[in-house]
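# pasting the structure only:
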């Protein structure tokens, strides 16, 4: 779990932009933004697939998969070299995910 959270923090700026461009933060019923970011990270920078595909949040992210990949490919200025903000930021992110 630490690895996927660390990867999410590494790509936090790209994730924010992807969530805003696809309007995932405005879907009804709403999806937890932190969960969406973790799922997007796994899809785009992780294993590349999500299971079990019958869960509603996973279905939602998979329905946006082509748009997410398209926006990511169009974005040429994503800063992949952004260093991790330290253990404090990762711990804070894990805490936020766990309490929601």
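Arrived safely, thanks for sending. If you're wondering where the values come from, they're calculated on a predicted model, not measured in any experiment.
# going forward, measure contacts and count neighbours with C-alpha atoms only.
OK.
# Give me the distance between the two termini of stretch 45-56.
With CA to CA, to the nearest Å as the measure, stretch 45-56 spans 21 Å from end to end.
# Mind listing what's buried along that stretch?
46, 50 (16 or more other CA atoms under 10 Å).
# residues in contact with stretch 24-31?
Applying CA atoms under 8 Å, 6 or more residues apart in numbering, the contact partners of stretch 24-31 are 19, 33, 57.
# Mind checking the pLDDT average for the helix or strand that residue 41 is a member of?
When elements are assigned from DSSP states H and E, residue 41 belongs to helix 33-44. Taken as a whole, helix 33-44 has a mean pLDDT of 93.
# and if you look at stretch 64-82?
Here the average pLDDT along stretch 64-82 is 74.
# For the nearest residue to residue 46 once chain neighbours are set aside, which residues are in contact?
Leaving aside its sequence neighbours, residue 46 sits nearest to residue 4 (CA to CA, 6 or more residues apart in numbering; 7.6 Å). By CA under 8 Å, 6+ apart, the contact set of residue 4 is 38, 41, 42, 46.
# next one: residue 57
31, 35, 36.
# could you redo the last one with a cut-off of 10 Å?
30, 31, 32, 35, 36, 39, 63 (CA atoms under 10 Å, 6 or more residues apart in numbering).
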